[in-house]
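Asks: Curious how this folds, go ahead:
(one chain, ligands or ions: 2)
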Amino acid sequence: MELSIIGFANSGKTTLFNAITGSTIEVSPNITTDTKPVSKLVNVPDSRVDYLSTLFKPLKTTYTTIRCTDFIGITKGDTKKNRMVLNLIKDSDAIVNVVRAFESEGVIHPLESVDYFRDILLFESEMILMDLELVENRIVRIEEGEKKGKKGNPEERAILDKCYKILSQERPLREIEFSEEELMNMRHLQFASIKPQLIVINVDESTPEPERREMEERVEREFIKGRKNLEVITLSAKVESEISLLSPEERRLFLREMGIERPAFEKVIESSYKLLGLISFLTVGEDEVRAWTIKRGSNAQQAAGQIHSEIAKGLIRAEVVSYDDFKKTIEELGGRLPSNYMEVLKSKNRLRLEPKEYIVKNGDIINFRHAK
Ligand SMILES: Nc1nc2c(ncn2[C@@H]2O[C@H](COP(=O)(O)OP(=O)(O)OP(=O)(O)O)[C@@H](O)[C@H]2O)c(=O)[nH]1
Ligand SMILES: [Mg+2]
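Replies: Numbers count the residues shown, from 1 in each chain. Ligands and ions are numbered 1, 2, ... in the order given. The predicted model follows:
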């Protein structure tokens, strides 16, 4: 999964990047103009993998990963610079839009005052404007080509007209259902408003919990309004970036002291999974304990394909036990893993033999039986 952290200048993007990736990239109250994005791959924390790994003591433990990229800020009305940023998000699955809600005299605000809700709306119209410009330019180019006798692609033209209509109604493309074919025909166009968006409201560390809730609820009520592919969370990037530098033990103590349920990093990942409709399944064994990410609604064969196309091709049956049932069984056995654990699971009717079409659930532990 690829997440692109973008947003207006000085909203705390690099601070959040540091918090998520445990990096120490310098942040400053001045606006960054260096255009090179910074990327880092991070493990997705998963307590189920932790548990299974202590149990199986495998040679290798593998978490799923996400790639996080930090960009320079978007500037209101500066389409040339913004295009530069947006051209870089083409491979990303979602945008993490960091919105400033913290007050700090020393930190320049590009719009001169702190107003998170205004910035969410402005960011949206900036994305829509950029996309509209993209469509218009493309249409002009096609028409010029046609005048010179070049034959255009009617499917591309149809999708451009469709997008133009939506965007000129000031609607983002992310709320529209496109067919596979349409998506194919728009692949070369670098749309921004089509990307699912996680809105991160970057609050003051002193902002009390009820006020944070109220912000999230307002965004849900007045901006998201049940529309697809949008999520909102609040956090204090500054505190979280400090937390990310602590040792795991210190971190636990600090979180408890601050009354923070779980670090922002986990909140961002959890919301991104929800936003993108992703779930994880697990594989276990002496060699490796591993978590895999798939789209919710994927079947056993598609899940097998994540591991290897040969396994998907030769798949006969999937042996499935839910993580909860697995853990319950181990606890009933006094916390030990017997070598015949598969038989034990079978005898307790907790191991299921599922066909290729079985819809995989979050936390399923799967053994794929396949013809070689
Ligand atoms: N008080 C407070 N300050 C913050 C918070 N998050 C970021 N800052 C400060 O705001 C300034 C800008 O933070 P950055 O993380 O560099 O912001 P950015 O969005 O990456 O900025 P550009 O890359 O220049 O667009 C820094 O001085 C940070 O210390 C926060 O939650 N609270
Ligand atoms: Mg920055």
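
Asks: Helices of the chain, start to end?
Replies: Applying DSSP state H to the chain gives helices spanning 13-21, 47-56, 79-86, 116-147, 154-168, 180-185, 209-219, 237-243, 248-258, 264-276, 300-307, 309-313, 323-332, 341-347.

Asks: Which strands and helices lie in contact with the lowest-mean-pLDDT helix or strand in the chain?
Replies: Counting by mean pLDDT, DSSP states H and E, the chain has its least confident helix or strand at helix 79-86, which shows a mean of 82. For helix 79-86, the elements it packs on are helix 116-147, judged by 3 or more CB pairs under 8 Å, 6 or more residues apart in numbering; DSSP states H and E. Every residue, glycine included, has its C-beta placed from N, CA and C.

Asks: quick one: the helix it packs on to helix 209-219, angle?
Replies: Between helix 116-147 and helix 209-219, the angle comes out at 30 degrees (axes from the mean of the first three to the mean of the last three CA atoms, to 10 degrees).

Asks: Now residue 245: phi and psi?
Replies: phi -90, psi -10 (degrees, to the nearest 10).

Asks: Pull the number of nearby residues for it.
Replies: 13 (other CB atoms under 10 Å).

Asks: Repeat that for residue 325.
Replies: Per other CB under 10 Å, the neighbour tally for residue 325 reads 19.

Asks: if we can go back for a sec, can you see whether the least confident helix or strand of the chain contacts ligand 2, counting any residue in it?
Replies: No - taking CB under 5 Å from the ion as the criterion, helix 79-86 and ligand 2 are apart, separated by no less than 11.3 Å.

Asks: Now the chain against ligand 2: closest residue?
Replies: Residue of the chain nearest ligand 2, by CB to the ion: residue 14 (3.3 Å).

Asks: just the helices of the chain: most buried one?
Replies: Across the helices of the chain, the average number of neighbours (mean count of other CB atoms under 10 Å) peaks for helix 13-21, which reaches a mean of 25.

Asks: which parts of the stretch 151-300 of the chain sit against ligand 1?
Replies: Taking CB under 6 Å from any ligand atom as the criterion, the stretch 151-300 of the chain approaches ligand 1 at residues 202, 204, 236-238.

Asks: what sits against residue 157?
Replies: Neighbouring residues of residue 157 by CB atoms under 8 Å, 6 or more residues apart in numbering: 139, 142.

Asks: switch to 10 Å and redo it
Replies: By CB atoms under 10 Å, 6 or more residues apart in numbering, residue 157 lies in contact with 138-139, 142-143, 146, 185.

Asks: Give me the distance between residue 171 and residue 57.
Replies: 53 Å (CB to CB, to the nearest Å).

Asks: Which one's more surrounded, these two?
Replies: Counted by other CB under 10 Å, residue 171 and residue 57 do not tie: residue 171 has more neighbours, with 15 against 10.

Asks: quick one on the thing from earlier: now the residue of the chain closest to ligand 2: closest residue in space that isn't a chain neighbour?
Replies: residue 27 (4.9 Å; CB to CB, 6 or more residues apart in numbering).

Asks: I'd say the one you found and residue 18 touch.
Replies: Yes - applying CB atoms under 10 Å as the test, residue 27 and residue 18 come out as touching, 7.2 Å apart.

Asks: Might you list the low-confidence residue ranges for the chain?
Replies: 35 (pLDDT under 70).

Asks: Show me which residues of it sit near ligand 2.
Replies: Near ligand 2, when you scan the chain using CB under 5 Å from the ion, you find 13-14, 32.

Asks: Present the residues you listed as JSON lines; the columns should include distance to residue 363.
Replies: Formatted as JSON lines, these follow (distance: CB to CB, whole Å):
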{"residue": "13", "distance to residue 363": "32"}
{"residue": "14", "distance to residue 363": "34"}
{"residue": "32", "distance to residue 363": "40"}
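
Asks: Among the residues you listed, find me the one that's closest to residue 111.
Replies: Of all these, residue 111 sits closest to residue 13, with 15.4 Å by CB to CB.

Asks: Who are the contact partners of the closest one?
Replies: So residue 13 contacts 4-7, 27, 32, 70-74, 96-98, 100, 200, 202, 237 (CB under 10 Å, 6+ apart).

Asks: how close does it get to residue 261?
Replies: Taking CB to CB, one finds residue 13 at 23 Å from residue 261.

Asks: returning to what we had before: ok, the residue of the chain closest to ligand 2 touching residue 70?
Replies: Yes - the pair residue 14 and residue 70 qualifies as a contact (CB under 10 Å) at a distance of 5.4 Å.
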